[in-house]
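Novice: quick one: sequence plus predicted model below, questions after.
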Amino acid sequence: MMNPEERLTSLLSRRKLLINGTIATAGLGLVGIARAQGATGGTQAWKASDSSITLRIYKGFSQNRLDLWDAVIHPDVKSNSTAGRNIDGIAALKRWNQSFIDAFRPRTDLIDHFVAGDRGLVTINLHWKHDRPFNGLAPTGKTGTSVENFILRIENGLVTRWDVADASLDLAIYLHDGGLKMPTFVEPPSLIKGVALPT
């Protein structure tokens, strides 16, 4: 049986609980200190309510000041999204985001953000207009919104992994219909490997 500290560590590093058949996010209401696994297998203290990393990521993107990311993103960060896979390193991540900002000039609303243990999340709503070229796609003047989640892995105070999950699809469908090659059969590392359901 786990002691309370081990249980808190497990909850925060897994971030999901199965409660009455529903998935709920763990750690949002926790206050105080959680323990997150460090790169060497040790533990490092983190404040569950410390959201300066996620707020800096939001401000950097929304204000087109990607230099703000240098203080909170690891130089060798790994990043993936619906429209771009295997973006390795902060320089490549900033180039990709700068090309998106230049082409779509989004107004970016902050919906939510938090850090819990070694995980972080930023939820934004982009109000976009495609009026400049983007990755070979000619501008059409099309406008829309896109609700997106930046799912972050944090080690020693720096984001080491950044995955983007779309919560609405108008931008993703627009990019796909415009001919942007979208990834298929994506298989990120899993915390628990699922079992195939019987047919």
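Specialist: Okay, I see it. Numbering: from 1, shown residues only.

Novice: quick one: contacts for the spatially closest residue to Ser146 that is not a sequence neighbour?
Specialist: Of all residues beyond its chain neighbours, the one nearest Ser146 is Leu171 (3.7 Å), with distances taken as Cβ to Cβ, 6 or more residues apart in numbering. The way it works is simple: take the backbone N, C-alpha and C, and place the C-beta from them, glycine included. Remark: with contacts taken as Cβ atoms under 8 Å, 6 or more residues apart in numbering, Leu171 is in contact with Leu126, Trp128, Gly144, Thr145, Ser146.

Novice: sheet partners, orientation included, of the host helix or strand of Asp76?
Specialist: For Asp76, the element it lies in under DSSP states H and E is strand 73-80. In the sheet, strand 73-80 lines up against strand 87-88 (antiparallel), strand 158-166 (parallel) (DSSP bridges).

Novice: quick one: distance of the longest strand anywhere in the chain to the chain centre.
Specialist: Counting residues, the longest strand found in the chain (DSSP state E) is strand 143-155. Chain-centre distance of strand 143-155: 5 Å, with Cα atoms, centre = their mean, to the nearest Å.

Novice: may I have stretch 79-88 as CSV, with CA atoms only?
Specialist: Provided in CSV are the C-alpha atoms of stretch 79-88 (Å, rounded to 0.1, in the frame of the first residue of the first chain):
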residue,chain,number,x,y,z
SER,A,79,7.3,18.8,-30.2
ASN,A,80,4.4,17.4,-32.2
SER,A,81,1.1,18.7,-33.4
THR,A,82,-1.7,17.9,-35.9
ALA,A,83,0.1,20.0,-38.6
GLY,A,84,3.8,19.3,-37.7
ARG,A,85,5.5,16.2,-36.4
ASN,A,86,9.0,15.6,-35.0
ILE,A,87,9.9,19.2,-34.5
ASP,A,88,13.2,18.8,-32.5
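
Novice: list the contacts of that stretch.
Specialist: Here stretch 79-88 has contacts from 76-78, 92-93, 96, 135, 161-166, 172, 175, 180, 182-183, 186, 188, using Cβ under 8 Å, 6+ apart.

Novice: list buried residues within the residues you listed.
Specialist: Val77, Lys78, Leu93, Trp96, Arg161, Trp162, Asp163, Val164, Asp166, Ala172, Leu175, Leu180 (16 or more other Cβ atoms under 10 Å).

Novice: excluding chain neighbours, what is closest to the fifth one?
Specialist: Excluding the flanking residues, the one nearest Arg161 by Cβ to Cβ, 6+ apart is Arg153, at 3.7 Å.
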